[in-house]
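Enquirer: Predicted model and sequence follow; I will ask about them next.
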Amino acid sequence: MSFESLGLLPELLRAVREQGYETPTPIQAQAIPIVLEGRDLMGRAQTGTGKTAGFTLPLLQRLAPHASASASPARHPIRALILTPTRELAMQVEESVRTYGRHIPLRSTTIFGGVNINPQTKALRAGVEILVATPGRLLDHQQQGNLNFSQLEVVVLDEADRMLDMGFIRDIRKIISLLPAQRQTLLFSATFTDEIKQLASAFLKNPALVEVTPRNSAAELVRQVVHPVDRERKRALLAHLIQSRGLEQVLVFTRTKHGANRLSEQLDKDGISSMAIHGNKSQPQRIKALADFKKGAVRVLVATDIAARGLDIDQLPHVVNYELPQVPEDYIHRIGRTGRAGSEGEALSLVCVDEQRLLKDIEKLLRKDLPKQVVTGYAPDPSIPAEPIENGRRSGRPGGGRPAGGSSSRASAPRPRRSGGRAQ
Ligand code: AMP
């Protein structure tokens, strides 16, 4: 299977070659011909499978006949809308649109909350064919009269499950109601829950179904190890592992925003440069943290699940689960950050006595037991009783529950959000 055989335009094949891609990933091989045909598509695929190129390449091809060098905004109506749950994902998707579309004169822009609306309004008024947006800010622009979808041909709901988790369902319904009925709809989701199926049956017409497992499926490329350790000694163990093994570019997951901040501060005190990335950080702070991490100026990035979702950091060597996620699927998302594009990665989990239930659930999902390795000097004390974690809280200690990991847990109750809500 080659990109040529998928029937892509020479301009797109050139861009793909320039990216160094040799063969289409399974989701690309399956999705590209379907999207080119103009059919609706429901794709079950996670980040790391190459899904972005899977919908972006054929979308660019479908819009290519409209490409125009004209400066007139009227010649650049919105023809494709890509909805994403987070700002980070919106930025990354638009970067892909620019990358794959670099030899086709179509315009794109991205709109998301948390930043000044005016430059976005200006970009919209100048005219763009491809708009990448988070739902809340999109509706803000709609209310201000900045959007006209009369020429829209394709809408993509990317990471639809996350959008639902984040409480965007009403916004999505509202947005879809603004679009022409005659259009192509693509929906991507890591899971096909009943809610997603309902959404699909409401908005998609006779969709083709495409399902893939992540390229770096947990079982394959990622070396996974569990280090049993006492809850109070996790930080010391993490610092020890990073320093004794000289680990660089380590992505560390915590369950809560607060935990991410605290850990990042403590690592800094240990002389390990680190930054936290989560929903309470401003957009410039997040962009800077990610950029510093990518260029190696920051050794450790501490993240919550939602903040890390959609982060495109290629071939990340090490992922550490400082705390296991509440939802087993999030473990797979997390370790999907490592071993990308065929290179091996390593996922370490620091697991204390409170997390045995979470570990069991993950092993059940993976259908295998993870190897356990006690690090010398960090053996857990068997006399410490468990305070199992339920719904993000430690139980067992009177009044000792920690705040629920609201930002990081799919199982947590839906959070109330303001209209035009700034996602996480
Ligand atoms: P995605 O799942 O869309 O987030 O893509 C995951 C990563 O795979 C991105 O860094 C892409 O640049 C990369 N990628 C996408 N398609 C291919 C391909 N056909 N060959 C190699 N790498 C790819």
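Expert: Cool, got the structure.

Enquirer: going forward, measure contacts and count neighbours with C-alpha atoms only.
Expert: Will do.

Enquirer: what about residue 151, is that helix, strand or coil?
Expert: Secondary structure, DSSP: H, G, I helix; E, B strand; the rest coil: residue 151 is coil.

Enquirer: thought it was touching residue 76?
Expert: No. If you go by CA atoms under 8 Å, residue 151 and residue 76 don't touch, sitting 9.6 Å apart.

Enquirer: Show me which of the two is the more surrounded one.
Expert: residue 76 (24 against 15; other CA atoms under 10 Å).

Enquirer: Look up how far residue 57 lies from that one.
Expert: Residue 76 is 19 Å from residue 57, where distance means CA to CA, to the nearest Å.

Enquirer: so where's the stretch 301-424 of the chain uncertain?
Expert: Counting by pLDDT under 70, the stretch 301-424 of the chain shows low-confidence ranges at 309-315, 339-344, 390-424.

Enquirer: ranges for the strands of it?
Expert: With DSSP state E, counting those that start in this stretch as the criterion, the stretch 301-424 of the chain has strands at 318-321, 345-351, 389-390, 393-394.

Enquirer: surely residue 385 meets residue 353?
Expert: Yes. Shown here, residue 385 and residue 353 form a contact pair, counting by CA under 8 Å, at 7.4 Å.

Enquirer: Any regions of this protein where pLDDT drops low?
Expert: Using pLDDT under 70, the chain drops low at 213-221, 279, 283, 309-315, 339-344, 390-424.

Enquirer: Contact residues of it facing the ligand?
Expert: 21-25, 47-53, 312, 314, 341 (CA under 6 Å from any ligand atom).

Enquirer: Among these, name the buried ones.
Expert: Burial by neighbour count, 16 or more other CA atoms under 10 Å: within the residues of the chain next to the ligand this picks out 24, 25, 47, 48, 49, 50, 51, 52, 53, 312, 341.

Enquirer: give me phi/psi at the first one?
Expert: Comment: the main-chain dihedrals of residue 24 come out as phi -70, psi 150, following degrees, to the nearest 10.

Enquirer: Wait, it touches residue 3, no?
Expert: Yes. Using CA under 8 Å, residue 24 is in contact with residue 3, at 6.0 Å.

Enquirer: helices and strands around the strand or helix carrying residue 251, which ones?
Expert: Using DSSP states H and E, residue 251 maps to strand 250-253. Judged by 3 or more CA pairs under 8 Å, 6 or more residues apart in numbering; DSSP states H and E, strand 250-253 is in contact with strand 300-303, strand 318-321.

Enquirer: check contacts around the nearest residue to residue 359 once chain neighbours are set aside.
Expert: Using CA to CA, 6 or more residues apart in numbering and skipping residues adjacent in sequence, the residue nearest residue 359 is residue 324, 7.3 Å away. Taking CA atoms under 8 Å, 6 or more residues apart in numbering, we find residue 324 in contact with 254, 255, 331, 349, 350, 351, 355, 358, 359.

Enquirer: need those residues in JSON lines with neighbour count, can you?
Expert: As requested, the contacts of residue 324 are arranged in JSON lines below (neighbours: other CA atoms under 10 Å):
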{"residue": "254", "neighbour count": "23"}
{"residue": "255", "neighbour count": "25"}
{"residue": "331", "neighbour count": "22"}
{"residue": "349", "neighbour count": "25"}
{"residue": "350", "neighbour count": "24"}
{"residue": "351", "neighbour count": "23"}
{"residue": "355", "neighbour count": "22"}
{"residue": "358", "neighbour count": "20"}
{"residue": "359", "neighbour count": "22"}
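
Enquirer: tell me which of those is nearest to the ligand?
Expert: Using CA to the nearest ligand atom, residue 331 is the member of the contacts of residue 324 that sits closest to the ligand, with 16.5 Å.

Enquirer: Skip ahead from the strand holding residue 251 and say which helix or strand is next.
Expert: helix 257-269.

Enquirer: which parts of that next one are buried?
Expert: Neighbour-count burial for helix 257-269 [16+ other CA under 10 Å]: 257, 258, 259, 260, 261, 263, 264, 265, 266, 267.
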